[in-house]
Each structure stands twice: as structure tokens, then as C-alpha cells.
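Student: Turn this into a model:
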Amino acid sequence: MGMLIRRRRVVKGCDAASANCGDAARLLLAFGQGRWSDALGIGGCQGNSSIERSGRQPHATTEAEKKGDNERKPDAAMVGPKTRDSTPSFEGAHMENPQLFQAILNSISEGVMTVDKDWKIASWNRAAEKITGFHKEEVLGKECLKVFRASLCRDFCPVDKALSCGHPYQDVEVAIRNKKNELVKLLVNAAPLYNDEGEIIGGLETFRDVSQNRWLQEELESHYGYKSIVGRSAAMQRVFETLSNLINSDTTVLILGETGTGKELIARALHFHGARRDKAFVAINCSALPEGTLESELFGHVKGAFTGALNTHIGKFELANGGTLFLDEIGDISPATQVKLLRVLEEREIHRLGDNKPIRVDIRLITATNQDLYKKVLSGAFRDDLYYRLNVFPVCLPPLRERIEDIPLLVGHFIEKFNQQMGKKIQGIADQVLEILEGYHWPGNVREFSNAIEHAFVHCKGALIRPSDLPESILRESQSARLRVAPRAQKALEDAERDLILKELQAASWKKGVAAKRLGMSRATLWRKMEKHGISEP
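Tutor: Sure thing, here's the model as predicted:
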């Protein structure tokens, strides 16, 4: 998770020199004291201290807002026209080279927009295009309210607030409509722009999408999002429908499916698309650890709890507090662990081994198994009360052999994945390969399928994967299947021929010449086939 967290920023306050302030805010506020009219094509305002917007007066600041603004006011060196001398030495370069300045704007990960004295958009960077869906050419020269279409554009505009206050206005949450008319939530920072004479000539706004924690979603989507769950078969469509009902719920989920069907992938998708996405996702395979070790891993232990417990150990329940705990192969836990797990679900608290102090936990529990838990309940191997606690909302994953129509999609998915990983340019598979893949029974399901395509990638020397590139085990099974099928197919063909001949003879009142003509064969051929199939006139 380290590489995912590195992009996370928390923007608090409006001190541009603070480490909490966004990169775009620091950079652009540093630029904000120069001749922006030269760099961005914005004209002067003839001494106006604020910009009047069509159909509205400048925002009147309340006493409470003034108090809050004073508390957040940045250093004078960052905002006022009186401190133009503090402008960075590279200012002249970006004024003289608009292309360089636009390149700087495009390198900023947050959306950047400037408006002139008529509230018309004067600059628009690449991140703004991505967030809103509007290209630069579509918005330049247009009033910003016609682009953003936000409810507060006329009454509580962040830029207008910044112009009225005379200093940056930070961390305003705004809901806008993107080009597809979808609602997008933005976190907005705004600041006034001055010319060399200290006159306000426009406004600057930076914004980033916080509607679904965009920074996290982009990193996780390729690994744990719905894009990595491939399928358009009826069985998979039912799975997708079930998942959509569970995303915004804390309901306990039991995922049922054979080995390799993607149970953990489903669990991660539920977590990373749900309300607990910002918290921990902790997974443990219950069948991989012996009973004593499993209890310690789940509940933790204190120093001296047992021989070898040299230090206090925090268990998986505590690590997952606030987030999601995924228990795979739940059917393999011992009766003693079943009792403790049931107590946790009922009381929402745990006890570390060797300690009587209860510890409250707030988790979403997702479990999975490749066994028939209900049969284990009937045989007494699994507690019925725990079973009903876990089976609140079951999700059944179909084996790959029951959704053969998804194989072409899976082929495309893994070809794209392994092309990126291995730097190859494989375009697809030969027709014979598709026949082999669709005829194989896939006991290891999607996991085995992924391994087979990866194996083929290693051996493939051309643009298409061919049968010789597939694993030997799959080729042997395919050949054996064809040999098994051949006799059955031959018998089925002969049975169909006998039925057809008998039907035509009966329809022709057993007149051989008429029946032979209808069947498109000679009378002699009909006699031979009748003898072969044991057909005789009654």
C-alpha cells in the first residue's frame, strides 16, 4: 500500500507556505503577484478592487467570515501587490514564453483555471480537462458559470470570495456538472490576480476531484475494481448486480465458489468501492495456519501468553479496525475458534490471548469458502449459529466451465494485462486455441486460465498465440477429450441416419424408390444402409 499512499494530500488552511497546502496552490500563488496579463492575456481593471459579475454584486463578507479569513490569512509575501519584488526569479521566463507557462500548468495534477475581469476563462490546464471533460478549446472565452453549472456559482463563488477578501480562499467543496452532465464534487482553492500596479485583473482557481477519492480509485481500479472482474454471461451479471447492492452496506458477506474463481478479488472490490475504502483491508487464509497460530493471528496475544510469546502481538481484528477483515477458507476453522468468532460477531469486541481486557472493534467481515458449509452444519462440523451469522448475504461465484461464453473476454483481458507486464505486442489467439480453451474443463478456474495465458505469452514468438504455446497439460487433456468424444459423435451420427431413413420409408409407405429419391441416394445405397442399420419392412 505504500505506493498508493504517496499521492495522498490533505489540504488544510490557506497558508501557501505550509506543507499542508497543495502543490498547485503553492506554485500558482507564488506566480500570483506578477504581470499575469502578459502571461495569460488578461487585461487590467482600471483600479477596481473587485470584479463585478453579471447579474450580481461582489460578495459582502460577514464578520464571522472576516474572523475566519484573518485566522487563515497567509503571509503577506504571498498575496499582496505590495510584495511584487518577492516574485520568483523565473517569473520573466514564463511571461515571455506562454508555451512554457502552459507546459507548467499542464504538469500540475490539480485542475487550474484563471478568469479575466469579465469572468471569462483565460487559461485551462490538462487536469481541468480530465476532471470536467471539457477541452481547453471548448471553454476559453466562456463564462466559468456556464462551464461549471454549479448551484453556488452566482451566490457563493470561491473566486468572488477571494476577490472580496483580497487574499486566497481555501478548501471550498463545490458540486459541478461535467461534460456528461454527471455530478462531480470538487475541492476548490481561489486567489486574486494582480498586475504590476497592484490592481486586481482576474482570479485564479485550482480544483481537484474528491467525489470518490479519485487519487485512490485510479491506483486501485486496475487491481481491485470491477474492470478486473471480467464477464458478461448471465451468471456473472447476477454477481455484478449482487455486488452493486452490497457496495454501500456493512452487511456481513459469505462468498461461495470453487478454488480460483476470484473470491478474494470480489472481497477487495467490495472494500475498495465501499464506505470503508480509506481504512485497512486485512486478509488471512484460515486453512494455512494451525489452530493455535490462527487464534493468535486473529485475536493477538500479550507477552507471556504462551511459551514463545516474547512480545505483545496485535491480531488481524485490531489491524482491520475501521476497515474490512477477509477470512478465506472459513470452513476450515476449528470448533474452538468458531466459538470465539461467534462471540466477536455478537459483542463486537475481542480479547487478546492471555488478557482479559476487552478491545472494541468496528469491522466489516467478509468470509469465503470453497466448501458446502450447510453440509458441514448438518454433519456437526460447523456451528449452525455461526453459519447463520456469516451467511447474511451469500455471493455465489460460478466456475469457469459454467460460463464458457466469458472465455473470449478473459483472453482479451489477460492479453492486455500481460502485454503491459512483459512489453510484448501479442494481438490475439488462433482459432484452434479458442476451441481448446473452450473445450477444457478448467478445474483451477480463472486462476488456472490466467496461468495458462501467461505460460503462452512466455513461449509465443509471433503476433498470435498458437496451440503449441499452451501448457502441455491442457493440450493432453484436449486431445484425450477429442478421442473420447469421437466414438460418441460417430454413434450419434449413425443413430440420426437410421432415424431419418426409417422416417422417410414410413412416409413413402415403404416404397424404396420413392424414399431413396427423397433421401437423395440411389435405391442400391438405400438397401445397403437399411441392411447396415437393421431396418426391415414390417
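
Student: okay, CA-based contacts and neighbour counts for the rest of this
Tutor: OK.

Student: List phi and psi for Glu537.
Tutor: Dihedral pair for Glu537: phi -70, psi 130, per degrees, to the nearest 10.

Student: Sheet partners, orientation included, of the strand of greatest length in the chain?
Tutor: Longest strand in the chain, counting residues (DSSP state E): strand 183-194. Note on strand 183-194: by DSSP bridges, its sheet partners are strand 169-177 (antiparallel), strand 200-209 (antiparallel).

Student: Could you give the separation of it from the chain centroid?
Tutor: 27 Å (CA atoms, centre = their mean, to the nearest Å).

Student: Buried residues, that strand. List them.
Tutor: Residues of strand 183-194 classed as buried: Val184, Lys185, Leu186, Leu187, Val188, Asn189, Ala190, Ala191, Pro192, Leu193, Tyr194 (neighbour count, 16 or more other CA atoms under 10 Å).

Student: Kindly report the same for stretch 282-295.
Tutor: Val282, Ala283, Ile284, Cys286, Ser287, Glu291, Leu294, Glu295.

Student: can you check stretch 327-340 too?
Tutor: Leu327, Asp328, Glu329, Ile330, Gly331, Asp332, Ile333, Ser334, Thr337, Gln338.

Student: And the residue lying closest to the third one once chain neighbours are set aside, its phi and psi?
Tutor: Excluding the flanking residues, the one nearest Glu329 by CA to CA, 6 or more residues apart in numbering is Thr369, at 4.4 Å. Dihedral angles of Thr369 (phi, psi; degrees, to the nearest 10) stand at phi -160, psi 150.

Student: Surely Thr369 touches Gly331?
Tutor: Yes: taking CA atoms under 8 Å as the definition, Thr369 is a contact partner of Gly331 at 6.1 Å.

Student: Relative to Phe317, how far out is the closest residue in space to Leu353 that isn't next to it in sequence?
Tutor: Counting by CA to CA, 6+ apart, His301 is the residue found nearest to Leu353 once chain neighbours are left out, at 4.3 Å. Separation of His301 from Phe317 (CA to CA, to the nearest Å): 12 Å.

Student: same thing with Trp510?
Tutor: Distance from Trp510 to Phe317, by CA to CA: 81 Å.

Student: Give me the domain ranges for this protein.
Tutor: Annotated domains of the chain cover 2-211, 216-396, 403-470, 477-533 [automatic domain parsing].

Student: need these in a markdown table with mean pLDDT, can you?
Tutor: What follows is these, written out as a markdown table (pLDDT from 0 to 100):
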| stretch | mean pLDDT |
| --- | --- |
| domain 2-211 | 64 |
| domain 216-396 | 88 |
| domain 403-470 | 92 |
| domain 477-533 | 79 |
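
Student: Which residue ranges of the chain form strands?
Tutor: 111-115, 121-124, 169-177, 183-194, 200-209, 253-256, 281-285, 324-328, 349-351, 358-360, 364-369, 393-396, 428-429, 464-465.

Student: May I see those organised as TSV, with distance to Glu497 added?
Tutor: TSV is the format used below for the strands of the chain (distance: least, CA to CA, whole Å):
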stretch	distance to Glu497
strand 111-115	72
strand 121-124	74
strand 169-177	67
strand 183-194	64
strand 200-209	68
strand 253-256	45
strand 281-285	56
strand 324-328	53
strand 349-351	71
strand 358-360	74
strand 364-369	48
strand 393-396	43
strand 428-429	36
strand 464-465	39
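
Student: closest to Phe101 out of these?
Tutor: Phe101 sits nearest to strand 121-124 of all these, at 10.4 Å, using CA to CA.

Student: quick check: angle from the longest strand of the chain to strand 111-115?
Tutor: If you take axes from the mean of the first three to the mean of the last three CA atoms, to 10 degrees, strand 183-194 sits at 50 degrees to strand 111-115.

Student: how many other residues sit next to the nearest residue to Ala191 once chain neighbours are set aside?
Tutor: For Ala191, ignoring the flanking residues on the chain, the nearest one in space by CA to CA, 6+ apart is Pro168 at 4.1 Å. Counted with other CA atoms under 10 Å, residues neighbouring Pro168 total 29.

Student: go on, Val392?
Tutor: Neighbours of Val392 using other CA under 10 Å come to 12.

Student: Is it correct that it is in contact with Thr251?
Tutor: Yes: with contact defined as CA under 8 Å, Val392 counts as touching Thr251 (7.2 Å).

Student: tell me which of the buried residues of stretch 327-340 is nearest to Lys375?
Tutor: When the buried residues of stretch 327-340 are compared against Lys375 (criterion: CA to CA), the nearest one is Gly331, at 10.7 Å.

Student: quick one: Asn528 from Ser522, how far?
Tutor: Not quite, residue 528 is Arg, not Asn. Relative to Ser522, and taking CA to CA, Arg528 is found at 10 Å.

Student: That should have said Ala507, apologies.
Tutor: 17 Å.

Student: that older thread, out of the buried residues of strand 183-194, which comes closest to Gly141?
Tutor: Looking across those and measuring by CA to CA, the closest to Gly141 is Leu193, at 17.4 Å.

Student: you'd agree that closest one is up against Pro168?
Tutor: No: contact between Leu193 and Pro168 fails when scored by CA under 8 Å: they sit 9.9 Å apart.

Student: Grab the nearest non-local neighbour of Ala128.
Tutor: Gly111 (4.0 Å).

Student: mind listing what the one you found touches?
Tutor: Trp124, Asn125, Arg126, Ala127, Ala128, Glu129, Ile131, Thr206, Phe207, Arg208 (CA atoms under 8 Å, 6 or more residues apart in numbering).

Student: Go again with 7 Å.
Tutor: Neighbouring residues of Gly111 by CA atoms under 7 Å, 6 or more residues apart in numbering: Asn125, Ala127, Ala128, Thr206, Phe207, Arg208.

Student: Also Glu129?
Tutor: Glu129 neighbours (CA under 7 Å, 6+ apart): His135, Lys136.

Student: Which one of the buried residues of stretch 282-295 is nearest to Ile407?
Tutor: Among those, and counting by CA to CA, the member closest to Ile407 is Ala283, at 28.3 Å.

Student: residues in contact with the closest one?
Tutor: Leu325, Phe326, Leu327.

Student: Is the closest residue to the last one other than its chain neighbours bridged to anything, and to what?
Tutor: Once flanking residues are discounted, Leu327 sits nearest to Thr367: 4.7 Å by CA to CA, 6+ apart. Residues found in beta-bridge contact with Thr367 (criterion: DSSP bridges) are Leu254, Leu327.

Student: Distance check, Thr367 against Asp355.
Tutor: As for Thr367, its distance to Asp355 is 26 Å (criterion: CA to CA).

Student: Same check on Ala280?
Tutor: From Ala280 to Asp355 the distance is 25 Å (CA to CA).

Student: Who has more neighbours out of the two?
Tutor: For Ala280 versus Asp355, the count of surrounding residues by other CA under 10 Å is larger for Ala280: 18 against 13.

Student: Is that one in contact with Lys316, as I believe?
Tutor: No: Ala280 is beyond contact range of Lys316, at 10.3 Å (criterion: CA atoms under 7 Å).
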